[in-house]
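Novice: Test case, fold it:
(chains A, B, C and D)
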Protein chains: 4
Amino acid sequence: MTMIAAEMLEAYPADLGGVDRRKLAECIQACFSCAQACTACADACLSEDHVAMLVKCIRSDLDCADICSATGQVLSRHTGYDANLTRSMLEACATACKSCGDVCAEHTGMAHCEHCAEQCRACERACRELLASLD
Amino acid sequence: MTMIAAEMLEAYPADLGGVDRRKLAECIQACFSCAQACTACADACLSEDHVAMLVKCIRSDLDCADICSATGQVLSRHTGYDANLTRSMLEACATACKSCGDVCAEHTGMAHCEHCAEQCRACERACRELLASLD
Amino acid sequence: MTMIAAEMLEAYPADLGGVDRRKLAECIQACFSCAQACTACADACLSEDHVAMLVKCIRSDLDCADICSATGQVLSRHTGYDANLTRSMLEACATACKSCGDVCAEHTGMAHCEHCAEQCRACERACRELLASLD
Amino acid sequence: MTMIAAEMLEAYPADLGGVDRRKLAECIQACFSCAQACTACADACLSEDHVAMLVKCIRSDLDCADICSATGQVLSRHTGYDANLTRSMLEACATACKSCGDVCAEHTGMAHCEHCAEQCRACERACRELLASLD
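Specialist: Below is the predicted model of the structure:
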C-alpha cells in the first residue's frame, strides 16, 4: 500500500509545502495497516478462551483503530494543509499506538497480539518521524 | 441524542472513575452532531456555484468530520479509560473544531456554513470543558 | 440531533430530487444515534463479569456501529444523489440493525443491551421507511 | 498490506468457516487501499483549477471511501461471521466502487483519477470474487 499512497502523492496537482513526501506516504500506509491489524486483533481476542483477561487489549485495539483510521484520512488530504491540526492528530495517533503497542506486547504467545504490537510500533515511529520533519 | 448518550452512560455496569457524566454525555453528543453538520456542509459547499472559492472550507469540513467521529467513538468507550489518550484526542478535536468553525464563520449568508460554525463552536467548547474537568 | 440534520437539509442550496426530507433527516439521525449506542454497548459488554457469553453481542455491536456511521455519512451527502448506492447502503444498514437488535434484545436485564436494541429497531425502521419512499 | 491482513488471518485463533482466506485477505487489503485512494483523489480534485467540473467525482470519492472503510472493518472481524451482513456490505461496496470507478475513468489525463479508478476496479473485483466464493 505504500506504493499506492506514494503514487497518489506523485499525482498530486498542487504543491505539498515543505512536507517530506516519503515520510508522509509511509505514515499514511502505517496508519491504514495499523487500523486493520487493531480491528483484526480485537476480533481475535474475542475468540480466545480467556477473553475476560483481554478486555483492556480489546479496548486499546478499538481506540487505536478509530484513531489510526481518522489520522490516515486526514493525512491523505494533503493540501489546504493545516500544520496545527496535522500535528495534533499525529500526537494523538502516536499516543494511541504507544498505548496499544504496550498492551499487545505483553501478550507474547498470541500471534495476533505480536503482529499487532509490531504494526503499532511501526505506526508510532512513522507518526513521530513525520512530526519531527514538520518542525 | 444527548438523551441517548446519557442513557447509555446511566446503564454502564462499571465505575467511570472521576469523569463528569453530564460533561461526557454532552461532549459525545456534540462530536456526533458536529460530524454530521461538517459532512453535510462539505456537500452543500459542493452544490454552490462558487465552489472554487470554498475548497478550504470543504477540506476543513472533511477533516473535522473524521476527527469528531473518531473522538465520539473513543469517548463512547468509557472504561479502561486511558486519560492520556482521551486528552490528546480532545485536544485534536478542539483544534479541528476551532479551525473549521473559523473558516465557516467567515461565510455569513450561507446558512449551511452558519449552522456548521455553530456546531463546531459547541463541540470545541464541549471538548475544552471535558478536558478541564479531567485535570 | 434530528433538528440539526433537518436544519442542514433546510439550508441545502440545491434540489434534493424527490427525496422525502423528513424521512431523510430521521434516518440520518437514527444512523448516528445507533452508531453511538452500539459503540457504548460493546464497551459496556466488555465491563460485564460474564463477558465470555457476550462476544457475539460485542461483534454485532461493532459491525453495526461501523455500518451505521458509514450510512449516516453517505446520507448526509444529499446530492449528486446516486439512488443505487443509497439503496444498497440502506439495505446493508437495515440488515446490520436487524441482526444487532435481535442479539441485544435477548439480553433482557442488561440496560445497555435494552437501550441498544431500541436504537437498532428505530434505525432499521428508519432505513426501511426511507427505502420504501425511494421506490 | 495484503501481507499484514494475511498474517492476521493466519494468527486467527478460531475457525473461519468455509471462507477462502486468500480471497478474504485480498478483499480486506483492496478495501483499505481503495479508501485511501478515494480520499486522496477527492483532495486532489479540490486542487484542480476546474474543480467545479469535478464535484460529482468528489462526491463519489467520499462515498466510496466511507463505504470501503466500513467494509474493510467488517471483513477484518472474521468470526461470529454473519453471512447475510457480509454479503450485503460486499454488495454495497461493489456498487460504490463501480460507480466511483466509472466516474474517475472518464477523467483520463488526471493521474489521480486514473490511479483511483484502478483501485476502484480492483476493489470491486475483489468484493465480487469474495461474494461468489461465499455462495
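
Novice: Chain D versus the residue at the greatest distance from the centre of chain A, what's the distance?
Specialist: The outermost residue of chain A, judged against the average C-alpha position, is A:D49 (27.9 Å), by C-alpha atoms, centre = their mean. Plainly put, A:D49 is 8 Å away from chain D if you go by C-beta to the nearest C-beta, to the nearest Å. (Glycine included, C-beta is placed from N, CA and C.)

Novice: Does that residue fall in a helix, a strand, or a coil region?
Specialist: Secondary structure, DSSP: H, G, I helix; E, B strand; the rest coil: A:D49 is coil.

Novice: Likewise for A:Y12?
Specialist: coil.

Novice: The residue lying closest to it once chain neighbours are set aside: what's it in contact with?
Specialist: Spatially, and ignoring its direct neighbours in sequence, A:Y12 is nearest to D:A44 (5.5 Å; C-beta to C-beta, 6 or more residues apart in numbering or on different chains). Applying C-beta atoms under 8 Å, 6 or more residues apart in numbering or on different chains, we find D:A44 in contact with A:8, A:11-14, D:110, D:112.

Novice: among those residues, which ones are buried?
Specialist: A:8, A:11-12, D:110, D:112 (16 or more other C-beta atoms under 10 Å in any protein chain shown).

Novice: The strand or helix carrying A:V103 near chain B anywhere?
Specialist: If you go by DSSP states H and E, A:V103 is part of helix A:83-105. Yes: Helix A:83-105 lies within reach of chain B by C-beta under 8 Å from any C-beta of the partner chain, at A:84-85, A:88-89, A:91-92, A:95-96, A:99.

Novice: ok, back up a step: now the contacts of D:A44 in TSV, please, with extra columns for distance to B:R21 and pLDDT.
Specialist: Output for the contacts of D:A44, formatted as TSV (distance: C-beta to C-beta, whole Å; pLDDT from 0 to 100):
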residue	distance to B:R21	pLDDT
A:M8	43	93
A:A11	48	91
A:Y12	45	90
A:P13	48	86
A:A14	46	84
D:M110	50	95
D:H112	46	96
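
Novice: Could I get the buried residue list for the longest helix anywhere in chain A?
Specialist: In terms of residue count, the longest helix belonging to chain A (DSSP state H) is helix A:21-46. For helix A:21-46, burial by neighbour count (16+ other C-beta under 10 Å) applies to A:23-46.

Novice: Same check on stretch A:55-65?
Specialist: Buried-residue list, stretch A:55-65, by 16+ other C-beta under 10 Å: A:55, A:57-65.

Novice: who touches it?
Specialist: Residues contacting stretch A:55-65 (C-beta under 8 Å, 6+ apart): A:34-35, A:38-39, A:41-42, A:45-46, A:51, A:96-97, A:99-100, A:103-104, A:107, A:113, A:116, A:120, B:73-74, B:77, B:79-80, B:82, B:85, C:42-43, C:46-47, C:51, C:58, C:62, D:73.

Novice: Which phi and psi values does A:H107 adopt?
Specialist: phi -90, psi 60 (degrees, to the nearest 10).

Novice: er, A:D49 I mean
Specialist: phi -60, psi -40.

Novice: cool, and A:H50?
Specialist: According to degrees, to the nearest 10, A:H50 has phi -100, psi 40.

Novice: okay, it: pLDDT?
Specialist: Note on A:H50: pLDDT of 95.

Novice: got the angle for the longest helix of chain A vs helix A:83-105?
Specialist: 40 degrees (axes from the mean of the first three to the mean of the last three C-alpha atoms, to 10 degrees).

Novice: pLDDT (mean, whole number) over helix A:21-46?
Specialist: pLDDT averaged over helix A:21-46 gives 96.

Novice: Helix or strand next in line after that helix, which one?
Specialist: helix A:55-76.

Novice: Could you pull out the buried residues of whichever strand or helix holds A:C120?
Specialist: Element membership for A:C120, per DSSP H and E: helix A:111-134. Neighbour-count burial for helix A:111-134, with 16+ other C-beta under 10 Å as criterion, is recorded at A:111-131, A:134.
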